[in-house]
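Asker: The following comprises the amino acid sequence and a computationally predicted model.
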Amino acid sequence: AQSVTQLGSHVSVSEGALVLLRCNYSSSVPPYLFWYVQYPNQGLQLLLKYTTGATLVKGINGFEAEFKKSETSFHLTKPSAHMSDAAEYFCAASWTSGSRLTFGEGTQLTVNP
Amino acid sequence: ETGVTQTPRHLVMGMTNKKSLKCEQHLGHNAMYWYKQSAKKPLELMFVYNFKEQTENNSVPSRFSPECPNSSHLFLHLHTLQPEDSALYLCASSQELGIGNQPQHFGDGTRLSIL
């Protein structure tokens, strides 16, 4: 079955440190891929998406993600964490033409001063 | 401002009450979704509508009744809920089904608490 796995339900980094949130999908067919962020008491906000073309995708708030087909991965990174990045991050994939999203279980990012 | 507005933001109700959640999108989309987000559990897709027609019901109990009068509005009618139904209910929209590379846009959710 097609699925999305986020390794690490909690990630903690220091302010100014590299942020790396991992996402892998399981399927022989590459999906469309998305990262969303959820701040407390809010809905999910789109950070970035990969559909076709360049495998390194830049998003909002300084985040970027690289699609690696050979590794079936779409990890999210940010060179320097800011306190305001503390939130929950969701990786999602769409395989069918139906735009139905399959979500990972989420990673809670904590940024320490 | 995501273009998807949900009301109310918070709702407390007893198990015997009847209430409705409302979602409105101003993005010109034709597909709309209801999700349930519970603590410590993955996001659960409940219902999908495309051009006002329901295309997916993921075995949701009948105490949840969706309504989509037009492509801009989506309702979730609630009656005789259980304590385990307490959760954040998220509405989302996308351009339309059949376009997989278009993201879904989410509202801020309704935080539902069942007494």
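Answerer: It's in.
Asker: Up against chain B, what does chain A have?
Answerer: Within chain A, the residues that sit near chain B (C-beta under 8 Å from any C-beta of the partner chain) are A:31-32, A:34, A:36, A:41-46, A:49, A:51-52, A:90, A:94-101, A:103-106. To be clear about C-beta, it is placed using only N, CA and C from the backbone, and glycine gets the same treatment.
Asker: Looking at those residues, which are in strands?
Answerer: Counting by DSSP state E, the residues of chain A next to chain B place A:32, A:34, A:36, A:44-46, A:49, A:90, A:94, A:103 in strands.
Asker: Buried ones among the residues of chain A next to chain B?
Answerer: With burial judged by 16 or more other C-beta atoms under 10 Å in any protein chain shown, the buried subset of those is A:31-32, A:34, A:36, A:42-46, A:49, A:90, A:94-95, A:98-101, A:103-104, A:106.
Asker: How about stretch B:108-115 and chain A, touching?
Answerer: Yes: on the criterion C-beta under 8 Å from any C-beta, stretch B:108-115 is in touch with chain A at B:108-109, B:111.
Asker: Across the sheet, point out what pairs with residue 45.
Answerer: With no chain named, the answer covers chain A. For A:Gln45, the beta-bridge partners are A:Val37 (DSSP bridges).
Asker: you looked at the wrong chain, it should be chain B
Answerer: Residues in beta-bridge contact with B:Leu45 (DSSP bridges): B:Tyr35.
Asker: Just list the residues touching it, thanks.
Answerer: Counting by C-beta atoms under 8 Å, 6 or more residues apart in numbering or on different chains, B:Leu45 touches A:100-101, B:33-35, B:56, B:58.
Asker: Return the member of these nearest to B:Pro66.
Answerer: Nearest to B:Pro66 among those is B:Trp34, at 6.2 Å by C-beta to C-beta.
Asker: I figured the closest one was touching B:Ser65, is that so?
Answerer: No: applying C-beta atoms under 8 Å, one finds B:Trp34 not in contact with B:Ser65, separated by 10.8 Å.
Asker: shared neighbours, the two?
Answerer: With C-beta under 8 Å, 6+ apart, B:Trp34 and B:Ser65 have common neighbours B:Leu76.
Asker: more neighbours, those two?
Answerer: Neighbours per residue (other C-beta atoms under 10 Å in any protein chain shown) separate B:Trp34 from B:Ser65, with B:Trp34 holding more: 25 against 15.
Asker: doesn't B:Gly100 fall inside a strand?
Answerer: No: secondary structure assignment (DSSP: H, G, I helix; E, B strand; the rest coil) places B:Gly100 in coil, not in a strand.
Asker: Would you mind measuring from it to B:Asn30?
Answerer: Separation of B:Gly100 from B:Asn30 (C-beta to C-beta, to the nearest Å): 14 Å.
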